[in-house]
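In: This is the structure alone, sequence omitted:
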């Protein structure tokens with residue numbers, strides 16, 4: 001690909017790649033760094049990149065960069081998002097549930113969390129997810145199903161006050 005083509009394609013998909021990085025790293029600053037690293041890597045290898053499948057290539061590279069960052073910082077487990085102790089009115093229940101859902105998703109295993117993000121947030125097909133994550137389609141479907149079920153079960157517990 002030429003430099004112009006790389007720039008054009010990168011600009012089309014960089015927001016999705018950034019959101020994917022945030023979902024893995026749980027840190028917007030590290031996600032910005034990862035996005036910059038991604039652009040740099042793509043630019044250096046621009047002569048070897050084909051236009052077909054660029055989005056999958058970009059998301060796979062972002063996943064690898066994020067995993068490298070997690071390994072280098074020697075984090076073995078992602079810390080859940082801290083709960084903020086704020087009195088919420090009835091109108092803020094949806095926002096409270098959204099915060100709880102984020103906390104639950106943050107505690108999921110990496111594979112389930114990333115498949116859930118790619119499928120439900122990025123609206124990707126399982127065939128694309130398979131290319132990015134490097135697992136079989138059945139495994140991707142199972143990881144997505146398990147992640148959804150865990151989130152659902154935890155939210156039901158919260159909504160039923162643990163009963």
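Out: Cool, got the structure. Keep in mind it's a predicted model, so treat the numbers as computed, not measured.

In: Okay, now the unreliable bits of the protein?
Out: When the per-residue scores of the chain are filtered using pLDDT under 70, the ranges that remain are 74-91, 162-163.

In: Please list all residues in contact with residue 47.
Out: residue 1 (C-beta atoms under 8 Å, 6 or more residues apart in numbering). Backbone N, C-alpha and C define where each C-beta goes, glycine included.

In: ditto for residue 18
Out: When the contact criterion is C-beta under 8 Å, 6+ apart, the partners of residue 18 are 31-32, 35.

In: Need phi/psi at it.
Out: Note on residue 18: its backbone torsions stand at phi -60, psi -50 [degrees, to the nearest 10].

In: now swap in residue 53 and tell me
Out: Dihedral angles for residue 53 - degrees, to the nearest 10 - are phi 80, psi 20.

In: Quick check: the gap between the residue nearest to it when sequence neighbours are not counted and residue 108.
Out: Of all residues not flanking residue 53 in the chain, residue 131 sits nearest, at 7.5 Å (C-beta to C-beta, 6 or more residues apart in numbering). Separation of residue 131 from residue 108 (C-beta to C-beta, to the nearest Å) stands at 21 Å.

In: Between the two, tell me which one has more neighbours.
Out: More crowded of residue 131 and residue 108, by other C-beta atoms under 10 Å: residue 108, with 20 against 16.

In: right, and that one touches residue 116 too?
Out: Yes. With contacts defined as C-beta atoms under 8 Å, residue 108 counts as touching residue 116 at a distance of 7.0 Å.

In: Figure out how far the helix or strand containing residue 155 is from the centre of its chain.
Out: Of the helices and strands defined by DSSP states H and E, residue 155 is found in helix 137-159. Using C-alpha atoms, centre = their mean, to the nearest Å, the distance from the centre of helix 137-159 to the centre of the chain it belongs to is 15 Å.

In: neighbouring contacts of that helix?
Out: So helix 137-159 is contacted by 97, 100-101, 104-105, 108, 111-113, 115-116, 119-120, 126-127, 129-130, 133, 135 (C-beta under 8 Å, 6+ apart).

In: now the helices for this structure?
Out: Counting by DSSP state H, the chain has these helices, from start to end: 3-25, 28-44, 54-72, 93-106, 110-116, 126-133, 137-159.
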